[in-house]
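Peer 1: model this:
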Amino acid sequence: MEIVGQQIRITSLNEQDMDFICKLECDASLWNYEESVETKEEDAKEKYRSHFPVEGETPYAYDFVIRRLNDASDTPVGIVQMWSYVDFRKSWEIGFAVLPEYAGQGYGSEATRLLLQFAFNELQAHKVVGMCNAENVKSAALMQHVGMTREAIFKEELWWRNKWTDQCFFSILDSEFKKHGMHVSR
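Peer 2: Numbering: from 1, shown residues only. Predicted coordinates:
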């Protein structure tokens with residue numbers, strides 16, 4: 001699957017993307033605000049392979065690689081993903097990461113908007129949520145930038161850098177997404 005925006009396109013993760021995924025997932029410097037980082041490349045690959053669609057089954061996760069439009073080298077610049085949060089409530093959780101050399105150019109927010117559009121229009125999601133370490137101001141800013149609302153702060157939710165740290169919880173409802181016309185034109 002491919003979803004095209006104005007600056008980027010997001011494509012379903014496939015076997016050819018596994019080296020990129022390992023580079024991204026196993027690089028501790030990219031995950032400064034996470035409680036833990038995968039260190040074994042084969043474990044990272046297996047985690048993502050487990051999300052590959054199986055014929056006849058409804059996917060519970062979607063992983064997309066972010067690529068810039070008009071990039072002849074087709075270099076991946078990040079990942080945007082979502083997984084079922086509470087299935088019977090039709091809610092999904094999102095996550096995203098952009099390599100540092102491509103940060104600050106709008107790729108993450110455009111990819112997240114494309115993912116929200118997919119969630120609400122194609123998957124008929126009722127709600128999409130996102131969470132981040134309270135110290136991760138860039139992730140919080142991106143979620144607010146795409147129209148998500150900070151709903152809560154979970155006090156001392158994460159064990160991070162040898163201390164308990166707060167976690168921010170964001171969400172957006174289908175009605176909010178559609179009301180504010182938060183769609184990406186293609």
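Peer 1: Where do the helices of this structure begin and end?
Peer 2: Assigned by DSSP state H, the chain shows helices spanning 18-25, 41-49, 107-117, 137-145, 174-179.
Peer 1: Of these, flag the one that's most buried.
Peer 2: helix 107-117 (a mean of 23; mean count of other Cβ atoms under 10 Å). Heads up, the C-betas are built off the backbone N, CA and C, glycines and all.
Peer 1: Run through who's touching it.
Peer 2: For helix 107-117, contacts defined as Cβ atoms under 8 Å, 6 or more residues apart in numbering pick out 3, 5-8, 10, 62, 64, 66, 68, 77-78, 80-82, 94, 96-98, 128, 142-143, 145-147, 172, 177, 182-184.
Peer 1: between that helix and helix 137-145, how many degrees?
Peer 2: 40 degrees (axes from the mean of the first three to the mean of the last three Cα atoms, to 10 degrees).
Peer 1: Need the CA coordinates for helix 107-117. CSV is fine.
Peer 2: What follows is helix 107-117, C-alpha atoms only, in CSV (Å, rounded to 0.1, in the frame of the first residue of the first chain):
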residue,chain,number,x,y,z
TYR,A,107,7.9,14.9,7.0
GLY,A,108,6.8,13.5,10.4
SER,A,109,3.7,15.6,10.7
GLU,A,110,2.7,15.0,7.1
ALA,A,111,3.2,11.3,7.5
THR,A,112,1.2,11.3,10.7
ARG,A,113,-1.7,13.2,9.0
LEU,A,114,-1.7,10.7,6.2
LEU,A,115,-1.8,7.9,8.8
LEU,A,116,-4.7,9.6,10.6
GLN,A,117,-6.5,10.0,7.3
